[in-house]
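Engineer: when you get a sec, could you give me coordinates for this:
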Amino acid sequence: MYLFDRSVKKDKTREGEDMKTSLTKIFNHATKFVVMLVAFFAVHGTEVRAQAKVVAYNASNPYQMGRFSHVKRVLLYNYTLGGHSKTPLLNSMTRLANKYGFQLDIGGTSSYITNATLAMDSANPVNVVVMSNGDGDVLQDATSLAAMKQFVQSKGRGLLQTHAAAAYIGCPNSGQENLTDANCRWLARVLVRQYLAHDPDPFYGRIYVDSVQTGQVPPRAPSGTAAATIMHGKKNQEFKSIFDSLPSNDGIVGGVQPGIWDSIGDEWYNYRGLVRLQGAQTFDGVLFGPIVILLSQDESAPYYNSSVAKMGDRTQAWARHVGLGLTAYNNAGHSDVYTRARKFRNVAVRDSVIEKFNWRLIRYLARDFVGCMTPGDNNYNPEASVEVLTAGIDNATPCAGNVQAILKSGSTYKGIRLESGHIRVATSETGNYQILVVDAKGTQYFNQHFVGGQGKNVDVPALSKGQYFVHVYSPKGASAIGVNIN
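Structural biologist: Sure, this is the predicted structure:
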């Protein structure tokens with residue numbers, strides 16, 4: 001028994017020593033790893049921050065295959081000084097990135113924004129920055145402020161701010177913000193007006209595309225002011241494409257009451273003064289353009305029972321040129337307005353109209369809707385609402401100037417064949433293709449993205465009599481030809 005007990009004690013002692021040795025080795029390795037990691041971040045910290053991807057770029061996504069698709073990379077700046085939730089917008093932006101294939105970066109510290117995290121001069125720059133519920137000036141860091149100014153004002157890129165991004169930013173006020181005061185912060189000047197009061201979330205308001213319903217002439221816009229002369233909402237040609245393809249009030253594109261949405265539940269603000277009245281200004285040699293209203297809230301709706309004072313002209317989304325860049329604000333986004341059901345004639349509608357509107361805003365800010373508007377031109381952009389938006393940023397001559405001749409029946413032009421009123425496109429090169437068929441007014445009859453090659457043919461569905469233009473965007477470039485269907 002003694003010898004057995006002694007051997008057991010020796011074995012246990014040896015096991016304890018082995019365990020201690022193993023733990024010591026693990027600790028030493030872990031310590032070395034932490035030291036290496038700290039050193040790596042010290043040297044490469046900026047580079048690591050610049051690659052904070054939530055969703056990777058997807059080149060095979062149908063949107064990304066489009067010739068005029070410019071939303072390649074978006075930064076969601078999720079830093080906040082207050083208590084608003086950041087999750088709903090993060091979830092919404094993640095859904096959009098997965099659906100449309102753009103790279104989504106995220107940053108959430110006070111000094112995150114730099115030239116490096118914006119990839120300012122790289123081959124893959126951030127196209128648009130989206131700011132969440134900041135509850136104050138989220139650009140107090142001098143380096144971040146300088147980088148953001150350069151990104152918008154000099155590089156001509158886009159900035160979208162949502163909900164509480166328009167709250168508690170330093171700007172002296174006496175009833176409304178005094179934007180000309182030297183102590184007024186840059187973000188306050190971009191936004192123009194900030195939060196004054198709101199109803200509890202959710203308040204179910206009627207939101208409409210400006211100049212579609214109320215507000216043809218703003219009710220409180222004195223004659224002779226910028227607000228009385230500037231076209232707003234869908235009446236402003238620059239912004240027209242933002243509203244294309246949005247669902248109507250019944251949740252259907254092209255359905256009942258387009259441009260009006262009943263019962264959208266969120267924490268809708270009223271503001272320190274009328275946003276619409278703000279004209280152009282110049283600060284530090286940079287032109288801040290006049291405000292253009294995009295969405296307004298109908299204070300005359302039958303179910304409107306707001307506890308905050310009526311404004312008479314209660315705007316909820318607007319845009320402003322700043323230097324060479326484009327900026328926009330959307331008040332929606334306190335909670336999950338992106339997925340919350342609304343009602344139309346007491347029927348629940350789940351059309352995610354605010355999420356879709358944000359996507360259209362992002363595309364506007366990335367200049368998807370700028371380009372050649374001549375249907376027969378090789379460079380025709382079917383979604384363009386203006387040909388040039390900003391001198392020095394946009395192509396001054398977007399059209400190629402080569403409106404094509406009419407293809408005769410039985411003939412072929414660069415793989416496009418017309419035979420007895422039937423259009424067939426042959427794809428000889430392996431890669432991404434788009435086939436677009438429009439009439440002389442730009443009305444689309446066929447628009448398809450696909451991967452072509454190996455002799456694959458694509459047949460365009462039968463068209464009624466008339467003249468059309470067939471556009472083919474292939475790995476070799478663009479081609480267009482006119483056809484007559486008799």
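
Engineer: where along the stretch 251-400 of the chain do the strands fall?
Structural biologist: 260-266, 269-271, 281-283, 286-288, 292-297, 314-322, 325-330, 342-344, 347-349 (DSSP state E, counting those that start in this stretch).

Engineer: CA atoms only for the longest one - export them in CSV, please.
Structural biologist: The C-alpha coordinates for strand 314-322 follow below in CSV (Å, rounded to 0.1, in the frame of the first residue of the first chain):
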residue,chain,number,x,y,z
ARG,A,314,-42.9,71.0,-41.9
THR,A,315,-40.1,69.5,-44.0
GLN,A,316,-38.6,66.1,-43.2
ALA,A,317,-35.9,65.5,-45.8
TRP,A,318,-33.8,68.0,-47.8
ALA,A,319,-30.6,68.4,-49.8
ARG,A,320,-27.8,71.0,-50.2
HIS,A,321,-24.8,71.4,-52.4
VAL,A,322,-21.6,72.1,-50.3
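
Engineer: quick one, helices of the protein?
Structural biologist: With DSSP state H as the criterion, the chain has helices at 2-50, 87-100, 142-149, 186-191, 226-229, 353-365.

Engineer: residue ranges in the stretch 51-200 of the chain under the pLDDT threshold?
Structural biologist: 51 (pLDDT under 70).

Engineer: all strands for it, in order.
Structural biologist: Here the stretch 51-200 of the chain has its strands, by DSSP E, counting those that start in this stretch, at 53-55, 73-77, 103-107, 128-131, 158-162, 195-198.

Engineer: what residues are up against the residue nearest to Arg95 when sequence neighbours are not counted?
Structural biologist: Using C-beta to C-beta, 6 or more residues apart in numbering and skipping the chain neighbours, the partner closest in space to Arg95 is Glu355 (7.1 Å). Just so you know, the C-beta spots here come from the backbone N, C-alpha and C atoms, and that holds for glycine as well. Applying C-beta atoms under 8 Å, 6 or more residues apart in numbering, one finds that Glu355 lies in contact with 92, 95-96, 338-339.

Engineer: tabulate these (a markdown table), appending neighbour count.
Structural biologist: A markdown table is the format used below for the contacts of Glu355 (neighbours: other C-beta atoms under 10 Å):
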| residue | neighbour count |
| --- | --- |
| Ser92 | 23 |
| Arg95 | 16 |
| Leu96 | 22 |
| Tyr338 | 22 |
| Thr339 | 14 |
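
Engineer: tell me which two of those sit farthest apart.
Structural biologist: Within the contacts of Glu355, Leu96 and Thr339 form the most distant pair, 12.6 Å apart (C-beta to C-beta).

Engineer: gap between the two ends of stretch 459-473?
Structural biologist: End-to-end span of stretch 459-473 (C-alpha to C-alpha, to the nearest Å): 15 Å.

Engineer: tell me how far it lies from the chain's centre.
Structural biologist: 31 Å (C-alpha atoms, centre = their mean, to the nearest Å).
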